[in-house]
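**Student:** sequence and computational prediction follow.
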Amino acid sequence: MALKDETSIAASTVTSTGPTPAGRPFRLGPLYFTVPLGNFVLYALWTVVPGFLLPIKVQQLTGTTDVGALGLASTLGAVTATLGNPAFGQFSDRTRSRFGRRTPWLVACALLGAVALLLQSAASTIALLGLTYGATSLVINGFQAALTAIVPDRFPERKLGLASSLMGVGLNTGVLAGSLLFTFYPSFAGPSGYYLMAGLVVATAFAVAIISPDQDSRELPHEPFKLGAFLRGFWISPRQYPDFAWVFLARAALMLGYFLTMAFGYYALQEYVGMSADAAISASGTLSAASAVASIVGATVTAPLADRSNRLKVFVLVSGIGVALSLMIPLLSRSYTDMMIFNIANGFAFGVYMAVDTAMVNRVLPHAEDAAKDLGIMNMASAFPQVLSASLGALVVTTMGYRGLFAVSAVIALIGACAVLPVRKLR
(Lines give C-alpha, C1' and ligand atoms only; values in the text may rest on other atoms or scores of the structure.)
Protein backbone atom coordinates (compact mmCIF):
# COMPACT_ATOMS: atom_id res chain seq x y z
CA MET A 1 0.00 0.00 0.00
CA ALA A 2 1.44 3.37 -1.00
CA LEU A 3 1.88 5.82 1.85
CA LYS A 4 1.32 9.52 1.26
CA ASP A 5 3.97 11.64 2.92
CA GLU A 6 2.06 13.92 5.27
CA THR A 7 4.70 15.77 7.22
CA SER A 8 2.60 17.37 9.93
CA ILE A 9 -0.87 17.86 11.33
CA ALA A 10 -2.09 20.41 13.81
CA ALA A 11 -2.38 19.33 17.40
CA SER A 12 -6.06 20.17 17.34
CA THR A 13 -6.70 17.32 14.92
CA VAL A 14 -5.52 14.74 17.41
CA THR A 15 -7.16 15.93 20.58
CA SER A 16 -9.80 13.24 20.13
CA THR A 17 -7.15 10.56 20.54
CA GLY A 18 -4.89 12.01 23.20
CA PRO A 19 -4.09 15.18 25.15
CA THR A 20 -1.60 17.46 23.48
CA PRO A 21 -0.13 20.81 24.48
CA ALA A 22 -2.05 23.47 22.57
CA GLY A 23 -0.50 24.75 19.38
CA ARG A 24 2.16 22.05 19.05
CA PRO A 25 2.18 20.21 15.70
CA PHE A 26 2.71 16.48 15.45
CA ARG A 27 4.89 15.35 12.56
CA LEU A 28 3.52 12.17 11.03
CA GLY A 29 6.27 11.66 8.44
CA PRO A 30 8.89 10.12 10.78
CA LEU A 31 6.23 7.81 12.27
CA TYR A 32 5.83 6.10 8.91
CA PHE A 33 9.29 4.65 9.62
CA THR A 34 9.50 4.39 13.41
CA VAL A 35 6.07 2.81 14.06
CA PRO A 36 6.70 -0.23 11.84
CA LEU A 37 10.34 -0.34 12.98
CA GLY A 38 9.32 -0.55 16.62
CA ASN A 39 6.72 -3.24 15.94
CA PHE A 40 9.24 -5.09 13.75
CA VAL A 41 11.75 -5.44 16.57
CA LEU A 42 9.07 -6.11 19.17
CA TYR A 43 7.57 -9.03 17.25
CA ALA A 44 10.93 -10.32 16.10
CA LEU A 45 11.74 -10.56 19.82
CA TRP A 46 8.40 -12.23 20.62
CA THR A 47 9.09 -14.71 17.80
CA VAL A 48 12.70 -15.44 18.67
CA VAL A 49 12.54 -15.65 22.48
CA PRO A 50 9.39 -17.65 23.36
CA GLY A 51 9.17 -19.36 19.96
CA PHE A 52 12.77 -20.57 19.63
CA LEU A 53 15.25 -19.59 22.34
CA LEU A 54 13.06 -20.56 25.30
CA PRO A 55 12.17 -24.12 24.14
CA ILE A 56 15.74 -24.68 22.93
CA LYS A 57 17.08 -23.53 26.30
CA VAL A 58 14.64 -25.87 28.10
CA GLN A 59 15.79 -28.79 25.94
CA GLN A 60 19.42 -27.94 26.66
CA LEU A 61 18.77 -27.86 30.41
CA THR A 62 16.60 -31.00 30.59
CA GLY A 63 17.96 -33.03 27.69
CA THR A 64 14.37 -33.73 26.51
CA THR A 65 11.40 -32.10 24.79
CA ASP A 66 9.75 -31.69 28.18
CA VAL A 67 6.53 -29.72 27.56
CA GLY A 68 5.94 -29.52 31.32
CA ALA A 69 9.29 -27.80 31.90
CA LEU A 70 8.60 -25.43 29.01
CA GLY A 71 5.21 -24.60 30.50
CA LEU A 72 6.77 -24.02 33.91
CA ALA A 73 9.44 -21.72 32.49
CA SER A 74 6.75 -19.76 30.64
CA THR A 75 4.28 -19.34 33.50
CA LEU A 76 5.92 -16.34 35.18
CA GLY A 77 6.17 -14.66 31.80
CA ALA A 78 2.40 -15.04 31.41
CA VAL A 79 1.78 -13.42 34.78
CA THR A 80 4.16 -10.50 34.26
CA ALA A 81 2.83 -9.88 30.74
CA THR A 82 -0.62 -9.49 32.25
CA LEU A 83 0.67 -6.83 34.65
CA GLY A 84 3.30 -5.10 32.54
CA ASN A 85 1.26 -3.53 29.74
CA PRO A 86 -1.46 -1.78 31.76
CA ALA A 87 0.90 -0.84 34.62
CA PHE A 88 3.47 0.82 32.38
CA GLY A 89 0.62 2.31 30.35
CA GLN A 90 -0.66 4.08 33.47
CA PHE A 91 2.84 5.19 34.42
CA SER A 92 3.44 6.75 31.02
CA ASP A 93 0.02 8.46 30.96
CA ARG A 94 1.03 10.21 34.19
CA THR A 95 4.61 11.03 33.19
CA ARG A 96 5.49 14.70 32.75
CA SER A 97 8.93 15.39 31.30
CA ARG A 98 10.72 17.39 28.64
CA PHE A 99 11.00 14.14 26.67
CA GLY A 100 7.26 13.53 26.75
CA ARG A 101 5.19 10.80 28.32
CA ARG A 102 6.23 7.77 26.28
CA THR A 103 9.94 8.21 25.53
CA PRO A 104 11.28 7.80 29.09
CA TRP A 105 9.49 4.46 29.49
CA LEU A 106 10.33 3.31 25.97
CA VAL A 107 14.05 3.77 26.58
CA ALA A 108 14.12 2.61 30.21
CA CYS A 109 12.19 -0.59 29.47
CA ALA A 110 14.41 -1.34 26.48
CA LEU A 111 17.55 -1.06 28.63
CA LEU A 112 16.07 -3.20 31.41
CA GLY A 113 14.80 -5.69 28.85
CA ALA A 114 18.29 -6.05 27.40
CA VAL A 115 19.67 -6.85 30.86
CA ALA A 116 16.90 -9.39 31.46
CA LEU A 117 17.61 -11.08 28.13
CA LEU A 118 21.31 -11.44 28.96
CA LEU A 119 20.43 -12.93 32.36
CA GLN A 120 18.02 -15.31 30.67
CA SER A 121 20.75 -16.55 28.35
CA ALA A 122 22.90 -17.41 31.39
CA ALA A 123 20.17 -19.22 33.38
CA SER A 124 21.38 -22.60 34.65
CA THR A 125 18.09 -24.07 35.94
CA ILE A 126 14.45 -24.12 34.84
CA ALA A 127 13.56 -21.99 37.87
CA LEU A 128 16.10 -19.31 36.97
CA LEU A 129 15.01 -19.48 33.35
CA GLY A 130 11.42 -18.87 34.42
CA LEU A 131 12.39 -15.93 36.65
CA THR A 132 14.52 -14.23 34.00
CA TYR A 133 11.91 -14.84 31.29
CA GLY A 134 9.32 -13.31 33.62
CA ALA A 135 11.52 -10.23 34.03
CA THR A 136 12.00 -10.03 30.26
CA SER A 137 8.27 -10.28 29.64
CA LEU A 138 7.49 -7.61 32.24
CA VAL A 139 9.76 -4.87 30.93
CA ILE A 140 9.32 -5.66 27.22
CA ASN A 141 5.58 -5.30 27.76
CA GLY A 142 6.41 -1.87 29.19
CA PHE A 143 8.29 -1.12 25.97
CA GLN A 144 5.25 -2.31 24.01
CA ALA A 145 2.84 -0.17 26.06
CA ALA A 146 4.83 2.99 25.31
CA LEU A 147 5.23 2.10 21.64
CA THR A 148 1.57 1.34 20.92
CA ALA A 149 0.43 4.51 22.73
CA ILE A 150 2.05 6.49 19.90
CA VAL A 151 -0.92 5.62 17.68
CA PRO A 152 -3.73 7.27 19.71
CA ASP A 153 -1.35 10.06 20.78
CA ARG A 154 -0.34 11.21 17.33
CA PHE A 155 -2.55 9.73 14.58
CA PRO A 156 -5.90 11.42 13.89
CA GLU A 157 -8.93 9.15 13.61
CA ARG A 158 -8.96 9.39 9.82
CA LYS A 159 -5.43 7.91 9.80
CA LEU A 160 -6.09 4.95 12.09
CA GLY A 161 -6.40 2.61 9.11
CA LEU A 162 -2.95 3.71 7.98
CA ALA A 163 -1.61 3.25 11.51
CA SER A 164 -3.08 -0.26 11.60
CA SER A 165 -1.34 -1.09 8.34
CA LEU A 166 1.99 0.26 9.61
CA MET A 167 1.71 -1.79 12.80
CA GLY A 168 0.75 -4.86 10.78
CA VAL A 169 3.72 -4.45 8.45
CA GLY A 170 6.04 -4.27 11.44
CA LEU A 171 4.47 -7.29 13.11
CA ASN A 172 4.55 -9.54 10.07
CA THR A 173 8.03 -8.60 8.91
CA GLY A 174 9.26 -8.98 12.49
CA VAL A 175 7.87 -12.50 12.70
CA LEU A 176 9.38 -13.24 9.29
CA ALA A 177 12.83 -11.95 10.22
CA GLY A 178 12.77 -13.75 13.56
CA SER A 179 11.91 -17.00 11.81
CA LEU A 180 14.42 -16.66 8.97
CA LEU A 181 17.15 -15.98 11.51
CA PHE A 182 17.15 -19.66 12.46
CA THR A 183 16.62 -20.88 8.90
CA PHE A 184 19.85 -19.27 7.69
CA TYR A 185 21.74 -18.89 10.96
CA PRO A 186 20.88 -21.78 13.31
CA SER A 187 23.96 -20.85 15.34
CA PHE A 188 21.84 -18.03 16.85
CA ALA A 189 19.88 -20.71 18.72
CA GLY A 190 21.82 -19.95 21.89
CA PRO A 191 23.44 -17.02 23.75
CA SER A 192 24.17 -15.09 20.55
CA GLY A 193 20.44 -14.97 19.84
CA TYR A 194 19.82 -13.31 23.19
CA TYR A 195 22.65 -10.81 22.59
CA LEU A 196 21.20 -9.93 19.19
CA MET A 197 17.72 -9.29 20.57
CA ALA A 198 19.09 -7.23 23.46
CA GLY A 199 21.05 -5.00 21.10
CA LEU A 200 18.17 -4.56 18.69
CA VAL A 201 15.60 -3.52 21.28
CA VAL A 202 17.94 -0.88 22.78
CA ALA A 203 18.93 0.51 19.37
CA THR A 204 15.28 0.68 18.32
CA ALA A 205 14.20 2.54 21.45
CA PHE A 206 16.78 5.24 20.85
CA ALA A 207 15.94 5.39 17.13
CA VAL A 208 12.23 5.94 17.86
CA ALA A 209 13.05 8.56 20.52
CA ILE A 210 15.44 10.50 18.27
CA ILE A 211 13.75 10.22 14.86
CA SER A 212 10.17 10.78 16.06
CA PRO A 213 10.53 12.57 19.41
CA ASP A 214 7.61 12.89 21.77
CA GLN A 215 6.38 16.31 22.82
CA ASP A 216 7.27 17.99 26.08
CA SER A 217 4.52 16.89 28.47
CA ARG A 218 5.30 19.23 31.37
CA GLU A 219 2.47 21.56 30.29
CA LEU A 220 -0.15 18.84 30.58
CA PRO A 221 -2.36 18.84 33.68
CA HIS A 222 -0.94 17.02 36.70
CA GLU A 223 -3.26 14.62 38.44
CA PRO A 224 -2.44 13.74 42.06
CA PHE A 225 -1.49 10.12 42.49
CA LYS A 226 -4.06 8.09 44.41
CA LEU A 227 -3.36 4.41 44.88
CA GLY A 228 -7.01 3.44 44.89
CA ALA A 229 -7.70 5.29 41.64
CA PHE A 230 -4.53 3.84 40.13
CA LEU A 231 -5.60 0.28 40.93
CA ARG A 232 -9.16 0.90 39.76
CA GLY A 233 -7.68 2.08 36.47
CA PHE A 234 -6.79 -1.51 35.65
CA TRP A 235 -10.48 -2.34 35.41
CA ILE A 236 -12.65 -1.34 32.48
CA SER A 237 -16.22 -2.40 33.13
CA PRO A 238 -17.62 -4.74 30.45
CA ARG A 239 -21.09 -3.54 31.43
CA GLN A 240 -20.19 0.12 30.86
CA TYR A 241 -17.91 -0.48 27.85
CA PRO A 242 -19.16 -3.70 26.21
CA ASP A 243 -17.53 -2.97 22.85
CA PHE A 244 -14.10 -2.78 24.50
CA ALA A 245 -14.75 -6.09 26.29
CA TRP A 246 -15.88 -7.92 23.16
CA VAL A 247 -12.91 -6.66 21.11
CA PHE A 248 -10.59 -7.66 23.98
CA LEU A 249 -12.04 -11.19 23.90
CA ALA A 250 -11.82 -11.40 20.12
CA ARG A 251 -8.20 -10.26 20.10
CA ALA A 252 -7.17 -12.58 22.93
CA ALA A 253 -8.81 -15.63 21.40
CA LEU A 254 -7.50 -15.05 17.87
CA MET A 255 -3.99 -14.40 19.15
CA LEU A 256 -4.09 -17.47 21.38
CA GLY A 257 -5.43 -19.65 18.58
CA TYR A 258 -2.51 -18.50 16.42
CA PHE A 259 0.35 -18.56 18.94
CA LEU A 260 -0.69 -21.79 20.70
CA THR A 261 0.66 -23.93 17.88
CA MET A 262 3.60 -21.62 17.19
CA ALA A 263 4.90 -22.10 20.75
CA PHE A 264 5.22 -25.84 20.15
CA GLY A 265 6.34 -25.79 16.53
CA TYR A 266 9.91 -26.80 17.42
CA TYR A 267 8.84 -29.67 19.67
CA ALA A 268 6.04 -30.79 17.31
CA LEU A 269 8.50 -31.28 14.47
CA GLN A 270 10.43 -33.68 16.69
CA GLU A 271 7.61 -35.52 18.48
CA TYR A 272 4.78 -35.30 15.92
CA VAL A 273 6.57 -35.22 12.55
CA GLY A 274 9.65 -37.19 13.61
CA MET A 275 12.60 -34.87 12.91
CA SER A 276 15.86 -34.70 14.82
CA ALA A 277 16.50 -31.76 17.15
CA ASP A 278 19.11 -30.21 14.83
CA ALA A 279 16.93 -30.54 11.73
CA ALA A 280 13.94 -29.13 13.61
CA ILE A 281 15.69 -25.81 14.32
CA SER A 282 16.04 -24.77 10.67
CA ALA A 283 12.79 -26.50 9.64
CA SER A 284 10.88 -24.63 12.33
CA GLY A 285 12.38 -21.37 11.13
CA THR A 286 11.38 -22.15 7.54
CA LEU A 287 7.79 -22.95 8.53
CA SER A 288 7.50 -19.80 10.63
CA ALA A 289 8.94 -17.75 7.77
CA ALA A 290 6.41 -19.21 5.34
CA SER A 291 3.65 -18.31 7.79
CA ALA A 292 4.97 -14.76 8.12
CA VAL A 293 5.15 -14.25 4.34
CA ALA A 294 1.59 -15.50 4.01
CA SER A 295 0.56 -13.10 6.79
CA ILE A 296 2.10 -10.18 4.93
CA VAL A 297 0.23 -11.17 1.78
CA GLY A 298 -3.02 -11.55 3.72
CA ALA A 299 -2.63 -8.15 5.37
CA THR A 300 -1.63 -6.46 2.10
CA VAL A 301 -4.65 -7.85 0.26
CA THR A 302 -7.04 -7.08 3.11
CA ALA A 303 -5.99 -3.54 4.09
CA PRO A 304 -7.34 -1.67 1.02
CA LEU A 305 -10.53 -3.77 1.04
CA ALA A 306 -11.09 -2.97 4.72
CA ASP A 307 -10.42 0.74 4.16
CA ARG A 308 -12.96 0.91 1.35
CA SER A 309 -15.70 -1.16 2.94
CA ASN A 310 -15.10 -0.19 6.59
CA ARG A 311 -16.77 -3.49 7.53
CA LEU A 312 -14.20 -4.71 10.02
CA LYS A 313 -16.37 -7.48 11.51
CA VAL A 314 -16.44 -9.36 8.21
CA PHE A 315 -12.66 -9.54 8.05
CA VAL A 316 -12.36 -10.72 11.65
CA LEU A 317 -14.89 -13.47 10.95
CA VAL A 318 -13.06 -14.52 7.78
CA SER A 319 -9.77 -14.58 9.68
CA GLY A 320 -11.03 -16.67 12.60
CA ILE A 321 -12.77 -19.19 10.37
CA GLY A 322 -9.68 -19.37 8.14
CA VAL A 323 -7.37 -20.02 11.11
CA ALA A 324 -9.71 -22.77 12.37
CA LEU A 325 -9.94 -24.46 8.97
CA SER A 326 -6.16 -24.34 8.47
CA LEU A 327 -5.69 -26.24 11.75
CA MET A 328 -7.58 -29.19 10.29
CA ILE A 329 -4.57 -29.89 8.04
CA PRO A 330 -2.06 -30.95 10.76
CA LEU A 331 -4.92 -32.48 12.74
CA LEU A 332 -5.46 -34.99 9.93
CA SER A 333 -1.87 -35.44 8.68
CA ARG A 334 1.59 -35.16 10.23
CA SER A 335 3.98 -34.85 7.26
CA TYR A 336 6.35 -31.91 6.85
CA THR A 337 4.63 -30.99 3.56
CA ASP A 338 1.28 -30.77 5.30
CA MET A 339 2.84 -28.69 8.06
CA MET A 340 4.09 -26.28 5.39
CA ILE A 341 0.61 -26.03 3.81
CA PHE A 342 -0.88 -25.44 7.26
CA ASN A 343 1.56 -22.65 8.08
CA ILE A 344 0.88 -20.85 4.80
CA ALA A 345 -2.92 -21.07 5.17
CA ASN A 346 -2.77 -20.20 8.87
CA GLY A 347 -0.48 -17.24 8.27
CA PHE A 348 -2.66 -15.82 5.49
CA ALA A 349 -5.77 -16.01 7.67
CA PHE A 350 -3.96 -14.34 10.57
CA GLY A 351 -2.73 -11.58 8.25
CA VAL A 352 -6.34 -10.80 7.38
CA TYR A 353 -6.98 -10.09 11.05
CA MET A 354 -3.84 -8.04 11.58
CA ALA A 355 -4.84 -5.72 8.72
CA VAL A 356 -7.81 -4.47 10.78
CA ASP A 357 -6.62 -5.06 14.35
CA THR A 358 -5.24 -1.61 15.25
CA ALA A 359 -8.12 0.28 13.63
CA MET A 360 -10.65 -1.91 15.44
CA VAL A 361 -8.95 -1.51 18.83
CA ASN A 362 -8.61 2.27 18.63
CA ARG A 363 -12.30 2.68 17.80
CA VAL A 364 -13.38 1.15 21.11
CA LEU A 365 -10.95 2.84 23.54
CA PRO A 366 -13.05 4.23 26.44
CA HIS A 367 -10.99 7.28 27.53
CA ALA A 368 -8.98 9.57 25.24
CA GLU A 369 -7.03 11.00 28.17
CA ASP A 370 -5.98 7.51 29.34
CA ALA A 371 -5.09 6.12 25.93
CA ALA A 372 -1.85 4.39 26.95
CA LYS A 373 -3.41 2.79 30.02
CA ASP A 374 -6.45 1.58 28.05
CA LEU A 375 -4.22 0.37 25.24
CA GLY A 376 -2.05 -1.32 27.86
CA ILE A 377 -5.09 -3.26 29.06
CA MET A 378 -6.03 -4.09 25.47
CA ASN A 379 -2.44 -5.11 24.74
CA MET A 380 -2.82 -7.79 27.39
CA ALA A 381 -5.06 -9.47 24.83
CA SER A 382 -2.08 -9.85 22.48
CA ALA A 383 0.83 -10.15 24.91
CA PHE A 384 -0.78 -12.59 27.33
CA PRO A 385 -1.64 -15.24 24.68
CA GLN A 386 1.92 -15.18 23.37
CA VAL A 387 3.39 -16.12 26.72
CA LEU A 388 0.40 -18.16 27.94
CA SER A 389 0.58 -20.34 24.85
CA ALA A 390 3.42 -22.48 26.21
CA SER A 391 1.75 -22.99 29.61
CA LEU A 392 -1.66 -23.85 28.18
CA GLY A 393 -0.14 -25.79 25.31
CA ALA A 394 1.87 -27.92 27.73
CA LEU A 395 -1.33 -28.91 29.52
CA VAL A 396 -3.11 -29.70 26.26
CA VAL A 397 -0.22 -31.70 24.77
CA THR A 398 0.26 -33.65 28.00
CA THR A 399 -3.42 -34.62 28.23
CA MET A 400 -4.53 -34.72 24.57
CA GLY A 401 -1.37 -34.91 22.42
CA TYR A 402 -0.47 -32.69 19.48
CA ARG A 403 -3.71 -33.48 17.62
CA GLY A 404 -5.55 -32.17 20.65
CA LEU A 405 -3.44 -29.02 20.49
CA PHE A 406 -4.55 -28.35 16.91
CA ALA A 407 -8.20 -29.03 17.74
CA VAL A 408 -8.20 -26.77 20.81
CA SER A 409 -6.51 -23.98 18.81
CA ALA A 410 -9.22 -24.21 16.15
CA VAL A 411 -12.02 -23.89 18.71
CA ILE A 412 -10.33 -20.89 20.36
CA ALA A 413 -9.94 -19.13 16.99
CA LEU A 414 -13.64 -19.62 16.23
CA ILE A 415 -14.54 -18.12 19.61
CA GLY A 416 -12.44 -15.09 18.73
CA ALA A 417 -14.16 -14.68 15.37
CA CYS A 418 -17.64 -14.79 16.89
CA ALA A 419 -16.74 -12.37 19.70
CA VAL A 420 -16.85 -9.34 17.38
CA LEU A 421 -20.48 -9.90 16.38
CA PRO A 422 -21.98 -7.94 19.32
CA VAL A 423 -19.65 -4.92 18.88
CA ARG A 424 -21.86 -1.91 18.09
CA LYS A 425 -19.09 0.51 17.06
CA LEU A 426 -17.99 -1.78 14.23
CA ARG A 427 -19.79 -2.76 11.08
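**Tutor:** Sure thing, it's come through. Predicted, not measured: the structure shown is a model, and the values here were computed from it.

**Student:** name the element residue 236 belongs to?
**Tutor:** Using DSSP states H and E, residue 236 sits in no helix or strand.

**Student:** show me what contacts it?
**Tutor:** 244-245, 366, 374, 377 (CB atoms under 8 Å, 6 or more residues apart in numbering). (Glycine included, C-beta is placed from N, CA and C.)

**Student:** ditto for residue 130
**Tutor:** Neighbour list for residue 130: 72-77 [criterion: CB under 8 Å, 6+ apart].

**Student:** residue 151 is in contact with residue 167, correct?
**Tutor:** Yes. Using CB atoms under 8 Å, residue 167 is in contact with residue 151, at 7.2 Å.

**Student:** how about residue 272, phi and psi?
**Tutor:** Main-chain dihedrals, residue 272, degrees, to the nearest 10: phi -100, psi -40.

**Student:** okay, and the common contacts of residue 167 and residue 151?
**Tutor:** With CB under 8 Å, 6+ apart as the test, residue 167 and residue 151 both reach 35, 358.

**Student:** and these two? which has more neighbours close in?
**Tutor:** residue 167 (28 against 25; other CB atoms under 10 Å).

**Student:** quick one, what contacts the more buried one?
**Tutor:** By CB under 8 Å, 6+ apart, the contact set of residue 167 is 35-36, 39, 148, 151, 354, 357-358.

**Student:** cool, residue 408 as well?
**Tutor:** Counting by CB under 8 Å, 6+ apart, residue 408 touches 260, 396, 400.

**Student:** pLDDT (mean, whole number) over the longest helix seen in the chain?
**Tutor:** Across the chain, the helix with the greatest residue count (assigned by DSSP state H) is helix 371-418. Across helix 371-418, pLDDT averages out at 84.

**Student:** off-centre distance for it?
**Tutor:** Relative to its parent chain, helix 371-418 has a centroid offset of 12 Å by CA atoms, centre = their mean, to the nearest Å.

**Student:** point out where the stretch 101-250 of the chain drops to low pLDDT.
**Tutor:** Applying pLDDT under 70 to the stretch 101-250 of the chain flags the ranges 157, 223-235.

**Student:** let's see 90
**Tutor:** 101-103, 141-142, 144-173, 175-176, 179-180, 182-187, 189-190, 212-245, 247 (pLDDT under 90).

**Student:** ranges for the helices of it?
**Tutor:** Along the stretch 101-250 of the chain, the stretches classed as helices by DSSP state H, counting those that start in this stretch are 103-121, 126-148, 150-154, 160-184, 191-211, 227-232, 242-262.

**Student:** check which helix or strand residue 48 maps to.
**Tutor:** Per DSSP H and E: helix 31-48 holds residue 48.

**Student:** helices and strands around that helix, which ones?
**Tutor:** helix 126-148, helix 150-154, helix 160-184, helix 191-211 (3 or more CB pairs under 8 Å, 6 or more residues apart in numbering; DSSP states H and E).

**Student:** starting at the chain centroid, how far to the next helix or strand along the chain from that helix?
**Tutor:** Per DSSP H and E, the first helix or strand lying C-terminal to helix 31-48 is helix 54-62. Relative to its chain's centre, helix 54-62 lies at 23 Å (CA atoms, centre = their mean).

**Student:** tell me what helix 54-62 is packed against?
**Tutor:** helix 67-94, helix 126-148, helix 265-268.

**Student:** circling back to that earlier point, which pair in the contacts of residue 236 spans the largest distance?
**Tutor:** Greatest spatial distance in these: 245 and 374, 12.1 Å, computed using CB to CB.

**Student:** neighbour-wise, which of those two wins?
**Tutor:** Taking other CB under 10 Å, residue 245 and residue 374 do not tie; residue 374 has more neighbours (27 against 18).
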